[in-house]
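Visitor: Let's see this in three dimensions:
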Amino acid sequence: MESQIKIAAIGGTGKSGKYLVQQLIQQGYLIKLLVRNPDHAPLTNPQIEIISGNVTDYATVYNLLEGCQAVISTLGLGIPASEPTIFSQSTSHVLKAMHALNLHRYIVTTGLNVDTPFDQKGPQAAYGTEWMKKTFPASTTNKQEEYRLLAASDVSWTMVRLPAIEQTDEAPSIQINLRDCPGDKISATSLANFLIGQLSDENYIRQAPFIANG
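Guide: So this is what the prediction gives:
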């Protein structure tokens, strides 16, 4: 049990985030959970502290991170959809608050459409990247800016790049690759377990691994 470790969770009521929160609870972590709409908060649980607000507000992000040992973000555009600049806004505020609070570990998910200088994307990932750039240019550009902010920072970040997420309690094994996406789907439970594993795994610090189910 990791009951003395408190995690700041962003996006924890979303499609993949709710699986992350479920696994954090099962594994004994304490959670400070940011929610835009308190009506979407999970049922009362002694391991969860609800923080109401938005990642676009720095004071809210600071409050969320205070007293935590790490930050995990599965932030999406949400319903109703946020502005497509939400990703860089969130990470900018998180990084600022991390420095203020002397917090070091930040784990964040994104799409396979984010590029790094080390990529050697195969045809499928390259096609998906170009499709996202053409179909969702604003959010794709902003996700790329989020990566730039992380790369320019001095915190211990990991940006996890994902294919399509399947909402399932099944947790098949995963494959990890730093240059190309190794599959076309990832179980939300497999993802949650991988994210939690990064709290103690130093193999992917300051890197952006792709993960997928094998």
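
Visitor: can you map out the helices along the protein?
Guide: Applying DSSP state H to the chain gives helices spanning 17-26, 58-65, 86-101, 123-135, 137-152, 188-197.

Visitor: Of all those helices, which one is nearest A208?
Guide: Smallest distance to A208 across the helices of the chain (Cβ to Cβ): 6.6 Å, for helix 137-152. Where you see a C-beta, it was placed from the backbone N, CA and C, and this is true even at glycine.

Visitor: For the closest residue to K96 other than its chain neighbours, list the residues it contacts.
Guide: Distances taken as Cβ to Cβ, 6 or more residues apart in numbering put Y58 closest to K96, at 6.5 Å, once the chain neighbours are dropped. For Y58, the contact set (Cβ atoms under 8 Å, 6 or more residues apart in numbering) comprises 93, 96-97.

Visitor: rerun at 10 Å
Guide: For Y58, the contact set (Cβ atoms under 10 Å, 6 or more residues apart in numbering) comprises 89, 92-94, 96-97, 100.

Visitor: and if you look at A152?
Guide: If you count contacts by Cβ under 10 Å, 6+ apart, A152 has them with L95.

Visitor: That one and E145, how far apart?
Guide: Look at A152 and E145: by Cβ to Cβ, to the nearest Å, they are 11 Å apart.

Visitor: my read: Y19 touches F194, true?
Guide: No - judged on Cβ atoms under 10 Å, Y19 makes no contact with F194 at a distance of 11.2 Å.

Visitor: Please enumerate the shared neighbours of these two.
Guide: By Cβ under 10 Å, 6+ apart, Y19 and F194 have these common neighbours: 171, 187.

Visitor: Quick one: closest of the helices of the chain to I51.
Guide: With Cβ to Cβ, the closest approach to I51 among the helices of the chain belongs to helix 58-65: 4.8 Å.

Visitor: so how far is the closest one off the chain centroid?
Guide: In terms of Cα atoms, centre = their mean, to the nearest Å, the centre of helix 58-65 is set 17 Å apart from its chain centre.

Visitor: same deal with stretch 192-210?
Guide: That offset, for stretch 192-210, works out to 11 Å (Cα atoms, centre = their mean).

Visitor: So which bits of it are buried?
Guide: 192-196, 198-199, 204, 208-210 (16 or more other Cβ atoms under 10 Å).

Visitor: ok, of those, which one's closest to K6?
Guide: Checking these one by one against K6 (Cβ to Cβ), the nearest turns out to be L199, at 11.3 Å.

Visitor: Is I50 in contact with A41, as I believe?
Guide: Yes - if you go by Cβ under 10 Å, I50 and A41 touch, sitting 5.0 Å apart.

Visitor: quick one: low-confidence parts of the chain?
Guide: Applying pLDDT under 70 to the chain picks out residues 1-3, 42-43, 77-82.

Visitor: if you set the cut-off to 80 instead, what comes out?
Guide: Residue ranges of the chain with pLDDT under 80: 1-3, 37-44, 77-82, 214.

Visitor: hang on, the earlier thing: please convert the buried residues of stretch 192-210 to a markdown table, extending it with distance to T74.
Guide: What follows is the buried residues of stretch 192-210, written out as a markdown table (distance: Cβ to Cβ, whole Å):
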| residue | distance to T74 |
| --- | --- |
| A192 | 9 |
| N193 | 13 |
| F194 | 12 |
| L195 | 8 |
| I196 | 12 |
| Q198 | 12 |
| L199 | 14 |
| Y204 | 16 |
| A208 | 15 |
| P209 | 15 |
| F210 | 16 |
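
Visitor: Many thanks, we can stop here.
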